[in-house]
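In: What follows is a predicted structure for the sequence shown.
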Number of protein chains: 2
Amino acid sequence: MPTPAALAGIAALIGDPARAAMLAALLDGRALSAGELAEAAGVTPQTASAHLAKLTAAGLLGAAKQGRHRYHRLASPAVARLIEGLLELSVAPRRVVTGPRDAALRRARTCYDHLAGRLGVALADALAVRGAIELTDEGGAVTESGTGFLAGIGITPPARSRVWCRPCLDWSERRPHLAGALGAALCTRCFELGWVRRQAGGRALDITPAGWRGLADVFGVMPERLQG
Amino acid sequence: MPTPAALAGIAALIGDPARAAMLAALLDGRALSAGELAEAAGVTPQTASAHLAKLTAAGLLGAAKQGRHRYHRLASPAVARLIEGLLELSVAPRRVVTGPRDAALRRARTCYDHLAGRLGVALADALAVRGAIELTDEGGAVTESGTGFLAGIGITPPARSRVWCRPCLDWSERRPHLAGALGAALCTRCFELGWVRRQAGGRALDITPAGWRGLADVFGVMPERLQG
DNA sequence: CCGATGCTTCGGCCGGCATCGAGGCGAGGG
DNA sequence: CCCTCGCCTCGATGCCGGCCGAAGCATCGG
């Protein structure tokens, strides 16, 4: 066996509550400062610093110094997928929480670089219903007609770097939403069109009036589908 | 946030070297007894018992009592994927090992329920070269001609339970091999045809004379492609 | 019915790691 | 130029959890 202990090393790194909270906070793809991460993890800055150094050394995080701040982000999509997989397995047992301030998060948020929450699931459903994509719990594909439909809203597949269409299990909805390069492109497009906007205080997204119209006109996603 | 600490709990569980060794030993999809897992982890039976209880309680393992033995296995493909993802990230930094007794493992082994090692990668390559499948690092698909080719060797897609074609990053070859239901079916077929056989001592596979002929005739995989 | 085997539970030891207080360094701002 | 703010390093403390020895239950064989 090549890496029996190395595996444990990475997992143990994620296994600390403070570090896990930091990684979860970074799961939406933004880069956060050391101080923000310290607050997110509920520890003092010096403790957070030690954690961040370890995560960066292990290649889970990438850091960028900027002025007197130091911004940290997930090192790669592979790390994001790993955390998602961990969430998928850790959500299963408990079924109780559902805090009130989670409502906004559950409605719409970003997951690394794509849309999640009820909005993400609804978009994936809408695309599947009209036969543009096919999703299962482990894989997905864009149909021929789907390629045309997506081109109509300004989304075309890139050369050949990342996988184009991939499902990602939504931890709040427990159903797959759209990830991969297509998920990222769709998310970017929604921001460009002014359909969604990042909420002031956190990771949740606001859907603008133009967004409501666009979602209904283009995708047939009705507002009541997105209410709690 | 719904599961900040639960995530850490699962990760911390995997983060112990003994438990990680057990999970890695189960990664080939077999069910092992508590004693075998204790030896694999290098701990005494009573210590292993405690670890196994925790892993089972967390839903990572499934246990089946049989006589005076108790067999443990990974609870789901999702768990296997998680461990694979962890391996993918943990192999990256180190690049030194390559022990001599790993040679057999690197040549051919099972990975949860499909083939891995040079054999697994060579089969995936062969299918890709002849245009039967298309694999990237995150997704994959079977082409139209590929469906016919696979049917010719007795492999047809199941109704609609699991994803059919999926890549899985090989930790020894650092390149994708074939997973998903197709990978499992291909693996099963190789066993049925007597092409491969499990080695006595462990997870590695032996390729039989009939296997060498079949691999060359059906897939065009030449023996020298599988040598270290 | 008795011994052997495999697994589990209990109790106590010990090492490792997270945590925080104090102090040092660099970057801005006045 | 000094003061403030953000971040990192060092040292000491304390707790959590893995580990094994011994003993308690099940199953299988004779």
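Out: Thanks, I have the structure now. Numbering: from 1, shown residues only, chains lettered A, B, ... in the order given.
In: quick one: contacts of the helix or strand of chain A with the lowest mean pLDDT?
Out: Across the helices and strands of chain A, mean pLDDT, DSSP states H and E gives its lowest value to strand A:140-142, namely a mean of 81. Contacting residues not belonging to strand A:140-142 are listed as A:132-134, A:150, A:157, A:164-167, A:176, A:178, A:180, A:182, B:139, B:141 [Cβ atoms under 8 Å, 6 or more residues apart in numbering or on different chains]. (C-beta placed from N, C-alpha, C; glycine too.)
In: Any quick ChimeraX command for the buried ones out of these?
Out: A single ChimeraX command selects the buried members of the contacts of strand A:140-142 (16 or more other Cβ atoms under 10 Å in any protein chain shown):
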select /A:132,133,150,164,165,166,167,176,178,180,182 /B:139,141
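In: Looking at the contacts of strand A:140-142, which are in helices?
Out: A:150, A:180, A:182 (DSSP state H).
In: And the residues you listed, which is closest to chain B?
Out: Using Cβ to the nearest Cβ, residue A:180 comes nearest to chain B of the ones in helices among the contacts of strand A:140-142, at 6.5 Å.
In: Surely that closest one touches residue A:166?
Out: Yes - counting by Cβ atoms under 8 Å, residue A:166 is a contact partner of residue A:180 at 3.4 Å.
In: now residue A:207, nearest residue through space, not along the chain?
Out: residue A:196 (5.7 Å; Cβ to Cβ, 6 or more residues apart in numbering or on different chains).
In: Read off the pLDDT value for that neighbour.
Out: Looking at residue A:196, its pLDDT is 95.
In: neighbours of it, just the number please.
Out: 22 (other Cβ atoms under 10 Å in any protein chain shown).
In: So what's the residue count around the spatially closest residue to residue A:169 that is not a sequence neighbour?
Out: Setting aside the residues directly before and after it, residue A:169 is nearest to residue A:88 in space (Cβ to Cβ, 6+ apart), at 4.9 Å. The number of residues packed around residue A:88, counting by other Cβ under 10 Å, is 20.
In: what about residue A:88, which helix or strand?
Out: Using DSSP states H and E, residue A:88 maps to helix A:77-91.
In: Residue A:36 now?
Out: Assigned by DSSP H and E, residue A:36 belongs to helix A:34-41.
In: Show me what the helix or strand that comes right after that helix is packed up against.
Out: As assigned by DSSP H and E, the chain's next helix or strand after helix A:34-41 is helix A:45-57. Applying 3 or more Cβ pairs under 8 Å, 6 or more residues apart in numbering or on different chains; DSSP states H and E, one finds that helix A:45-57 contacts helix A:17-25, helix A:34-41, strand A:61-66, strand A:69-74.
In: Look up how far chain B lies from the residue of chain A found nearest DNA strand C.
Out: Residue nearest to DNA strand C within chain A: residue A:67 (3.0 Å; Cβ to the nearest atom of the strand). According to Cβ to the nearest Cβ, to the nearest Å, residue A:67 and chain B sit 29 Å apart.
In: what separates that residue from residue A:33, distance-wise?
Out: As for residue A:67, its distance to residue A:33 is 10 Å (criterion: Cβ to Cβ, to the nearest Å).
In: Which one's more surrounded, those two?
Out: Counting neighbours by other Cβ under 10 Å for residue A:67 and for residue A:33 shows that residue A:33 has the greater number, 14 against 6.
In: Retrieve the pLDDT associated with the more buried one.
Out: pLDDT recorded at residue A:33 is 92.
In: quick one, what contacts residue A:13?
Out: A:19, A:54, A:55, A:58, A:60, B:11, B:15.
In: That should have said residue A:117, apologies.
Out: Residue A:117 touches A:105, A:106, A:107, A:108, A:109, A:170, A:172, A:173, A:177, A:205, counting by Cβ under 8 Å, 6+ apart.
In: Could you rerun that using 7 Å?
Out: Shown in contact with residue A:117 (Cβ atoms under 7 Å, 6 or more residues apart in numbering or on different chains): A:105, A:106, A:107, A:108, A:109, A:170, A:172.
In: Would you format those residues as JSON lines with neighbour count and pLDDT included?
Out: Conversion of those to JSON lines gives the following (neighbours: other Cβ atoms under 10 Å in any protein chain shown; pLDDT from 0 to 100):
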{"residue": "A:105", "neighbour count": "20", "pLDDT": "85"}
{"residue": "A:106", "neighbour count": "21", "pLDDT": "87"}
{"residue": "A:107", "neighbour count": "19", "pLDDT": "91"}
{"residue": "A:108", "neighbour count": "23", "pLDDT": "92"}
{"residue": "A:109", "neighbour count": "24", "pLDDT": "91"}
{"residue": "A:170", "neighbour count": "25", "pLDDT": "85"}
{"residue": "A:172", "neighbour count": "19", "pLDDT": "81"}
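In: Where strands are concerned, which of the residues you listed count?
Out: Counting by DSSP state E, the part of the contacts of residue A:117 found in strands is residue A:109.
In: Now tabulate the contacts of residue A:117 in JSON lines and tack on distance to residue A:41.
Out: Below are those laid out as JSON lines (distance: Cβ to Cβ, whole Å):
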{"residue": "A:105", "distance to residue A:41": "18"}
{"residue": "A:106", "distance to residue A:41": "22"}
{"residue": "A:107", "distance to residue A:41": "25"}
{"residue": "A:108", "distance to residue A:41": "25"}
{"residue": "A:109", "distance to residue A:41": "19"}
{"residue": "A:170", "distance to residue A:41": "24"}
{"residue": "A:172", "distance to residue A:41": "21"}
